[in-house]
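Undergrad: model this:
(chains A and B)
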Amino acid sequence: MRVGCVWVLHFPVAVERRNRVALNRCSVLIGEATEQRGAVLDCSTEAEAQGVRVGMPLRQALGLCPSAYFLLPDLPRYGDAFDRILHSLEAVSPLVEPAALGCAFIGLDGLNGHYRDEMALGNGLAQAVRHASGLTPSVGLAEGKFTARVAATVSAPGEVCLVPEGQERRFLAPIDVCLLSCSRDTLRHLELFGLRTMGDLASLPLGAAQAQFGSEGRRIWELAQGIDREPLHPLKREKSIREHLAFYAPLISREALVAAGRELLTCLLGQPAMGGRAARRMTLRALLSDGRCWERAIVFREATADREQVLCVLKSAIETASLTAPIEELSIELSGFAGETGKQQGFFWGNGRQRRQVAESIRQLKARYGRSAVLQVVEVEPWSRIPERRHALIDYDL
Amino acid sequence: MVAHPGEATRPYRLRPLNQPRPIRVEADESGEPQAVVLGRERLAVAAVQDCWRIDDEWWRERSVSRLYYLLLLEDGQVVTVYQDLIGLRWARQAY
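TA: As a prediction, this is how the structure comes out:
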């Protein structure tokens, strides 16, 4: 299976730098700061050079790199940027698997006829990412996901690394074992045994690797040989419809937001794409005036196309949202389309007129047949362990 | 106007609900159901999902002693059956 891998190094930092050019000249740290602890979500290569690592406690990272520009993560924005990249790659190949934020695998089998050669195909993938996001990826093309990912990782941004079929082992041989996807314990043991490159590991007999590392030993030995049987898991896109509303002046009032939400819902629920179906999920996104995004996904208990019902949920979400700045743009996305669940109306729940009509009908039936034709379920011994003792039917009289 | 039927109105009557319905069940030597006959169809039991026993009303002349099974049948439907441990008859009943 021929696979392409596109990889944008330090994707969150790259997205932030794309939006703020001033960040290009300084070290950047992105992390969620809490009172007691926080971890580094991503950092720039400059910060990495000073010893900062992803996952490291923020306090330690700031100690190592005190001049770094610190940013809070804007996950909706990163997700949105990555989603645009995936959409763009899907125009090249129908088989696209998101691996991590900023990294995706692309199934390449059958695409050769569309390009002059494989290098042109790789350049096409890089071009698709650049076009969708303005970011420059590294691209690796190889047999299997692992080798393709390693090829992308060792390439500089904008480069395409092509590993010809059958050359995987030779390509991987000089590469450090730290790029293997295995546990930290295994990596530590590999280092203790002096196995620093994939070539060192591949030169061992399979039995020795298995004896030392168990089932993981077989897996990493095969990977070092360039054998990767893991299939591609292409993204399955769910149909959704989305509408957004940009405000002339940023909104502060929640009432105004609810009114905007009502407008958007009216527009969405009237779209032909709804096709008489109901939605199970609603995603609210707001672009704040400080450049950050707020996002909230809500799953309804049952699929609905009732505007008032959705609006009620929307109101509650807006009222409880912690918005840190005025809102410039609001968007609503409906997805998870399904048939609307039928709702059983209560026979005796109607308004006064309906109740009177039912009462009159029951009275007439009773007069005609000598008994009520309408029965009601009543609890008799609801605590009983014998099921038939719990409930019974009784003549109903209004 | 509806004509009066001439029948005396009767007091409220309680009509039982969820009465057990007799059913044919094939059980193995240990008494565990292996197949259930629903209508004309014989359906093998794919799994016994639950089993519980009730003993009640032992102070009455007709005491209740039942062993209930929640069965997953081969066609995917789930049914609750019980064996009356006194009369050794099988019945179907929602619990």
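Undergrad: Please count neighbours and contacts with C-alpha atoms only from this point.
TA: OK.
Undergrad: low pLDDT regions in chain B?
TA: Filtered on pLDDT under 70, chain B yields the residue ranges B:1-13.
Undergrad: which residues in it form helices?
TA: Counting by DSSP state H, chain B has no helices to list.
Undergrad: Tell me where it has strands.
TA: With strands called from DSSP state E, chain B shows them at B:15-16, B:21-22, B:24-27, B:33-38, B:41-56, B:64-73, B:78-84, B:90-92.
Undergrad: Tell me which of those strands lies nearest to chain A.
TA: Chain A lies closest, by CA to the nearest CA, to one member of those: strand B:15-16, at 4.8 Å.
Undergrad: Please report how far the closest residue to residue A:7 other than its chain neighbours lies from residue A:28.
TA: Spatial nearest neighbour of residue A:7, chain neighbours left out: residue A:103 (4.4 Å); criterion: CA to CA, 6 or more residues apart in numbering or on different chains. To residue A:28, residue A:103 is 20 Å away according to CA to CA, to the nearest Å.
Undergrad: Check residue A:257 too.
TA: As judged by CA to CA, residue A:257 and residue A:28 stand 34 Å apart.
Undergrad: one step back: got the strands of chain B as CSV, with mean neighbour count columns?
TA: What follows is the strands of chain B, written out as CSV (neighbours: other CA atoms under 10 Å in any protein chain shown):
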stretch, mean neighbour count
strand B:15-16, 14
strand B:21-22, 12
strand B:24-27, 18
strand B:33-38, 17
strand B:41-56, 14
strand B:64-73, 20
strand B:78-84, 21
strand B:90-92, 20
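Undergrad: one step back: looking at residue A:257 and residue A:28, which has the bigger crowd around it?
TA: Neighbours of residue A:257 and residue A:28, each counted by other CA atoms under 10 Å in any protein chain shown, are more numerous for residue A:28; the result is 25 against 20.
Undergrad: list the contacts for the closest residue to that one other than its chain neighbours?
TA: Closest residue to residue A:28 apart from its sequence neighbours, by CA to CA, 6+ apart: residue A:69 at 4.7 Å. Applying CA atoms under 8 Å, 6 or more residues apart in numbering or on different chains to residue A:69 gives the contacts A:23, A:26-29.
Undergrad: Domains in chain A, by residue range?
TA: Chain A breaks down into these domains under automatic domain parsing: A:2-8+A:77-225, A:11-74, A:240-338, A:352-395.
Undergrad: related to what we said a few turns ago, got the strands of chain B as JSON lines, with distance to chain A columns?
TA: Formatted as JSON lines, these follow (distance: least, CA to the nearest CA, whole Å):
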{"stretch": "strand B:15-16", "distance to chain A": "5"}
{"stretch": "strand B:21-22", "distance to chain A": "11"}
{"stretch": "strand B:24-27", "distance to chain A": "20"}
{"stretch": "strand B:33-38", "distance to chain A": "21"}
{"stretch": "strand B:41-56", "distance to chain A": "7"}
{"stretch": "strand B:64-73", "distance to chain A": "8"}
{"stretch": "strand B:78-84", "distance to chain A": "12"}
{"stretch": "strand B:90-92", "distance to chain A": "11"}
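Undergrad: With respect to residue A:63, which of those lies nearest?
TA: With CA to CA as the measure, strand B:41-56 is the member of these nearest residue A:63 (57.8 Å).
Undergrad: re the thing from before, can you list the strands of chain B in TSV and add distance to residue A:285?
TA: Converted to TSV, the strands of chain B look like this (distance: least, CA to CA, whole Å):
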stretch	distance to residue A:285
strand B:15-16	54
strand B:21-22	55
strand B:24-27	57
strand B:33-38	52
strand B:41-56	44
strand B:64-73	44
strand B:78-84	42
strand B:90-92	52
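Undergrad: now chain A, which segments are flagged as low pLDDT?
TA: Scanning chain A for pLDDT under 70 picks out A:33-37, A:340-344, A:347-350, A:397-398.
Undergrad: Flag every residue of it that's near chain B.
TA: A:364, A:367-371, A:385-389, A:391-395 (CA under 8 Å from any CA of the partner chain).
Undergrad: buried subset of the residues you listed?
TA: By neighbour count, with 16 or more other CA atoms under 10 Å in any protein chain shown, the residues of chain A next to chain B hold A:364, A:367-371, A:386-389, A:391-395 as buried.
Undergrad: one step back: mind listing which of the residues of chain A next to chain B are in helices?
TA: A:364, A:367-369, A:387-389.
Undergrad: where do the helices sit along chain A?
TA: Counting by DSSP H, the helices of chain A are A:11-19, A:45-49, A:58-64, A:75-90, A:118-133, A:145-154, A:168-172, A:184-192, A:198-202, A:206-225, A:254-269, A:307-320, A:352-369, A:387-390.
Undergrad: Looking at these, which one is packed in the most?
TA: Counting by mean count of other CA atoms under 10 Å in any protein chain shown, helix A:145-154 has the highest mean neighbour count of the helices of chain A, with a mean of 24.
Undergrad: Report all helices and strands that it contacts.
TA: Here helix A:145-154 touches strand A:2-7, strand A:138-143, strand A:160-162, going by 3 or more CA pairs under 8 Å, 6 or more residues apart in numbering or on different chains; DSSP states H and E.
Undergrad: circling back: can you redo the ones in helices among the residues of chain A next to chain B as a markdown table with distance to residue B:19?
TA: What follows is those, written out as a markdown table (distance: CA to CA, whole Å):
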| residue | distance to residue B:19 |
| --- | --- |
| A:364 | 30 |
| A:367 | 30 |
| A:368 | 29 |
| A:369 | 26 |
| A:387 | 8 |
| A:388 | 5 |
| A:389 | 9 |
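Undergrad: circling back: reformat the helices of chain A as TSV; add distance to residue B:30.
TA: Converted to TSV, the helices of chain A look like this (distance: least, CA to CA, whole Å):
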stretch	distance to residue B:30
helix A:11-19	63
helix A:45-49	68
helix A:58-64	64
helix A:75-90	58
helix A:118-133	65
helix A:145-154	53
helix A:168-172	59
helix A:184-192	50
helix A:198-202	56
helix A:206-225	41
helix A:254-269	58
helix A:307-320	54
helix A:352-369	52
helix A:387-390	25
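Undergrad: And the residue of the stretch 151-300 of chain A that's closest to chain B?
TA: For the stretch 151-300 of chain A, CA to the nearest CA, closest residue to chain B: residue A:280, 26.0 Å.
Undergrad: so what's the residue nearest in space to the middle of chain A up against?
TA: With distances taken as CA atoms, centre = their mean, residue A:79 lies nearest the centre of chain A, 7.2 Å away. For residue A:79, the contacting residues are residue A:101, by CA under 8 Å, 6+ apart.
Undergrad: measure it to chain B for me?
TA: As judged by CA to the nearest CA, to the nearest Å, residue A:79 and chain B stand 40 Å apart.
Undergrad: And for residue A:143?
TA: Counting by CA to the nearest CA - residue A:143 and chain B are separated by 42 Å.
Undergrad: Surely that residue is in contact with residue A:165?
TA: Yes: with contact defined as CA atoms under 8 Å, residue A:143 counts as touching residue A:165 (6.2 Å).
Undergrad: where's residue A:213 relative to residue A:189, distance?
TA: 9 Å.
Undergrad: And residue A:267, by the same measure?
TA: 60 Å.
Undergrad: Residue A:241 now?
TA: Taken as CA to CA, the span from residue A:241 to residue A:189 is 51 Å.
Undergrad: For residue 81, which non-adjacent residue is closest in space?
TA: You didn't pick a chain, so chain A it is. With sequence-adjacent residues excluded and distances taken as CA to CA, 6+ apart, residue A:81 is closest to residue A:133, at 6.3 Å.
Undergrad: my bad, the chain I had in mind was chain B
TA: Nearest one to residue B:81, counting by CA to CA, 6+ apart, is residue B:92 at 4.2 Å.
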